[in-house]
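Trainee: Need a 3D model of the following:
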Amino acid sequence: MYSMTPGSGPSAISTIPLLTSRQRAEVNLWLDQLATSSHWHGQLPVLLLERCWLRLSAVRVEELARRLPPDSSWDAPELVHYRQLVERGHSPLAAEQLCWLEYGTEACRQAQLRLWGAQELGNQGWTLESYLRLLRDYRRRFETGEMGQLPLLVLARRDEGRKGSVHELVWLGRGEGDAMRHTCP
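Mentor: Next up is the predicted model:
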């Protein structure tokens, strides 16, 4: 599994989640759908696993951003420009004032508020960058003929959102995540 953290690639590797036999059968159906696709398109499945409920679902690539909106607050033009100015040697105050002149104080304030709100709520590592990386990797696998695996996002638990828990991306193929047994006493 690859943890998705802003500004980084794969950073943590762990095991593939165990799936029930019913879920394994669903994965095989989605893998069959993938195998019959001759080209990259928006109807391809992306799997989502809600760990708390052991709920597995598929969403089409074209619907992924609506179902699981990536946090793009860090990528607001006002904040990107601010970071660039600071990198070029401007003091934080001077950079902020230049951004106010270029974008207006209200736009800069709104961008900061969105960023702070997203940081407070947590984005579970699901940023615009991680979303685009998933799409880029999925498409690359198609173009290079490595189509034997589907992307599976193991969603972070909601109550852990403030503790730094992140969604994890796993590329799942046939026979991976062998069925788990009933574990309740």
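Trainee: dump the residue contacts of the residue nearest the centre of the chain.
Mentor: Centroid-nearest residue in the chain: W126, 3.9 Å away (criterion: Cα atoms, centre = their mean). By Cβ atoms under 8 Å, 6 or more residues apart in numbering, the contact list for W126 reads M4, L68, P70, D71, V166, H167. Just so you know, the C-beta spots here come from the backbone N, C-alpha and C atoms, and that holds for glycine as well.
Trainee: possible to save the residues you listed as JSON lines with secondary structure?
Mentor: Formatted as JSON lines, the contacts of W126 follow (DSSP: H, G, I helix; E, B strand; the rest coil):
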{"residue": "M4", "secondary structure": "coil"}
{"residue": "L68", "secondary structure": "coil"}
{"residue": "P70", "secondary structure": "coil"}
{"residue": "D71", "secondary structure": "strand"}
{"residue": "V166", "secondary structure": "coil"}
{"residue": "H167", "secondary structure": "coil"}
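Trainee: care to break the chain down by domain?
Mentor: 1-15+28-44+57-70+124-150+159-180, 73-121 (automatic domain parsing).
Trainee: mind checking the SS state of the closest residue to L47 other than its chain neighbours?
Mentor: Nearest residue to L47, sequence neighbours excluded (Cβ to Cβ, 6 or more residues apart in numbering): L152, at 4.2 Å. Using three-state DSSP, the structure places L152 in strand.
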